[in-house]
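Undergrad: Sequence plus predicted model, see below.
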Amino acid sequence: MDHNPQASYSVMDTPNTVHPIARRIANALVEGFDRHYLLFRQCSLAAKQRFEAGDWQAVQRAAKERIQYYDDRVQECVERLHREFRADSLGEGIWQQVKFHFVSLLINHKQPECAETFFNSVCCRILHRDYFNNDFIFVRPTISTEHIESDPPTYRSYYPGRLGLHKTIRQIVQDFDWQTPFADMQRDIGYVVKALKEHLEAWPDVEPNYQIQVLYSPFYRNKAAYVIGKAVNGNQEYPFCVPVLHDEQGRLYMDTLLLDARRIGVLFSFSRAYFMVDMEVPSGYVQFLRSLLPTKSRAELYTMLGLQKQGKTMFYRDFMHHLRHSRDDLIIAPGIKGLVMLVFTLPSYPYVFKVIKDYIAPPKEVTKEIVEAKYQLVKQHDRVGRMADTLEFSNVAFPRNRFTQELLDEFRKMAPSLLEEKEGTIVIRHLYIERRLTPLNLYLERGSAEQIEHGVREYGNAIKELASANIFPGDMLFKNFGVTRYGRVIFYDYDEIEYMTDCNFRKVPPAPTPEYEMASEPWYPIARNDVFPEEFGAFLLGATGVRQVFMRHHADLFKAELWQTKQARIKAGYIEDFYPYPETLRFGKRWSESSGDEA
């Protein structure tokens, strides 16, 4: 059909019908999203085969590649709309009708909330920012995600009163249809039942409708598959998670039983990689997980399920809601100011906002583009529970009256290119958002002897685990690490990180004469990625108490051999095991082979 895509149509021209161009654009947007979600599901579904095969290199590649899927599909859709409709020249009336018809196409859709976010992403790349309002994009969701039917269902239900608990557990595992055999399923079931009895102490009276509900898809990440569900006994609900791993012979085994909501919640920590989960209806999985983990926001759960763009959408809506219902001001974040990032926060909200400064002062030798690439590296890498995930936003509008004058002056001085001042509004053109942590340097300065012991041990463990995951932090000052509310030390300053495999860990060569050791400049040549671990102590270990604890637990970090050994294992293709729960909870650590049989 002939049409003039450059015409500016008004909604008033067609009050009761949708213009053909608007209809076709809406259809193209739904098709673009459906293609994205099809590829997303195919990648998640293939996680089962990767797990069965123990192909951990493929697991890492898939996790990295999947993160780019969304942006690639958005760009494809943008290019199609430009090519077929000259989308940037269409009038307001057409875009209002596009949204109207798009909503009608989502009535029976299985992922309507994610489709609305896709719509926003595409339109925000086409429309001028002045159009970013409720008339043209989805500021609030329009389609309910309650009670969307799913095939396969979101969860399976089992009734132990009919089969008995042991047979029910066996059935649950068999229904996942893993093609790799278990080393000893009967032993593992015995462990699960024993752990359950220990946790409950007194076995509860069982209601007639007592059932176990298990999410249909396992949660795949790294070298594990997690079975997640809950037992429902009358008005009581008991969450649980069973990690399934490979032994040295490639056979499967159940590693532990997590029954505490806090420990299960740690699996969904912002410092972990995203799960691979096959979901036809993601809102169903989020709703189920919320019943287990009520302290986790929907934004966090969508993000950890690999739908990070939906997580961003929901985070932003939550933040806007918080702004409307709070009165405190945005301030410069407490702590030592960095050379690369300007960091600010809202004290009543548990996050910090970070922008890259326009001028990065020496001795830093990075550019804005390099810093952005480092943050993308962290997004795509396995964070092994030791690096904070970030949410990246563009053109974020804040109420001007919530900026302190000190913060506004700092922006004008340090990052004026990212600042857009309007009447009543401050727009930040690019920023990162991270969960707020207690800076490790402040934690150690203010801490008791027990806290210093804990903080230093955690700090060294964090560095070693990052190194095993092929990450060299670069700048290892305490101020670049934070302490979570659970006492875990997390790295969060990424402008100097490198892959371990790109570094050259060296010993300091002997000085030709004693005078050379006193010189202000080194007597040996240093290439760009040369690292001398024995020099770390000069800038890390100031306070005596910290030094003593560090040397007691982590003196090996000052030896090049430790780093070289980890580097060699990485280059050989070995992928370390990282457990998001204490090793003391693992069945193999708690009981002997025979104790499981006795259960």
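TA: Right, received. Where do you want to start?
Undergrad: And the residue lying farthest from the centre of the chain, how far from Phe532?
TA: Most distant from the centre of the chain: Thr513, at 51.3 Å, with distances by CA atoms, centre = their mean. Here the criterion is CB to CB, to the nearest Å. By it, Thr513 lies 20 Å from Phe532. Placement of C-beta: from N, CA and C, glycine included.
Undergrad: cool, Ile575 as well?
TA: Taken as CB to CB, the span from Ile575 to Phe532 is 27 Å.
Undergrad: Lys571 and Ala527: what is the separation?
TA: 19 Å.
Undergrad: Neighbour count for these two, which is higher?
TA: Lys571 (11 against 7; other CB atoms under 10 Å).
Undergrad: check contacts around the more buried one.
TA: By CB atoms under 8 Å, 6 or more residues apart in numbering, the contact list for Lys571 reads Thr501.
Undergrad: do Tyr581 as well
TA: Pro243, Thr256, Leu258, Arg263, Val266, Leu267.
Undergrad: Could you tell me how many residues sit around the fifth one?
TA: So that's Val266. 19.
Undergrad: If I follow the layout properly, it ends up in contact with Tyr579?
TA: No - with contact defined as CB atoms under 8 Å, Val266 does not reach Tyr579; the gap is 10.4 Å.
Undergrad: distance between the ends of stretch 344-354?
TA: For stretch 344-354, the first-to-last residue distance is 7 Å (CA to CA, to the nearest Å).
Undergrad: Show me what it is in contact with.
TA: So stretch 344-354 is contacted by 319, 322-323, 326, 328-333, 341-343, 390, 402, 407, 410, 428, 431-436 (CB under 8 Å, 6+ apart).
Undergrad: go again using 6 Å as the cut-off
TA: Residues outside stretch 344-354 that contact it (CB atoms under 6 Å, 6 or more residues apart in numbering): 322, 326, 328, 330, 332-333, 341, 343, 407, 431-436.
Undergrad: residue boundaries of the strands in the stretch 351-500 of the chain?
TA: All strands of the stretch 351-500 of the chain, identified by DSSP state E, counting those that start in this stretch, fall at 351-356, 391-399, 419-422, 425-435, 438-439, 471-472, 481-483, 489-491, 498-499.
Undergrad: would a markdown table of those with mean pLDDT be doable?
TA: Shown next, in a markdown table, are the strands of the stretch 351-500 of the chain (pLDDT from 0 to 100):
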| stretch | mean pLDDT |
| --- | --- |
| strand 351-356 | 96 |
| strand 391-399 | 91 |
| strand 419-422 | 92 |
| strand 425-435 | 94 |
| strand 438-439 | 93 |
| strand 471-472 | 96 |
| strand 481-483 | 95 |
| strand 489-491 | 96 |
| strand 498-499 | 96 |
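Undergrad: Just tell me which of these ends up closest to Ala26.
TA: strand 391-399 (24.2 Å; CB to CB).
Undergrad: The closest one pairs with which strands?
TA: Here strand 391-399 is paired, per DSSP bridges, with strand 425-435 (antiparallel).
Undergrad: in the strand it pairs with, what counts as buried?
TA: Neighbour counts over strand 425-435 (16 or more other CB atoms under 10 Å) mark Ile426, Val427, Ile428, His430, Leu431, Tyr432, Ile433, Glu434, Arg435 as buried.
Undergrad: farthest-separated two in the residues you listed?
TA: Val427 and Arg435 (23.5 Å).
Undergrad: Mean confidence (pLDDT) on the top helix by length along the chain, please.
TA: The longest helix of the chain (DSSP state H) is helix 56-85. Averaging pLDDT along helix 56-85 gives 96.
Undergrad: Return the distance of it from the chain's centre.
TA: 18 Å (CA atoms, centre = their mean, to the nearest Å).
Undergrad: Could you pull out the buried residues of it?
TA: 56, 59-60, 62-63, 66-67, 69-70, 73-74, 77-78, 80-81, 85.
Undergrad: Stretch 376-386 now?
TA: Leu377, Val378, Lys379, Gln380, His381, Asp382, Arg383, Val384, Gly385, Arg386.
Undergrad: same thing with stretch 84-97?
TA: Result for stretch 84-97 [16+ other CB under 10 Å]: buried residues Phe85, Ala87, Leu90, Gly93, Ile94, Trp95, Gln96, Gln97.
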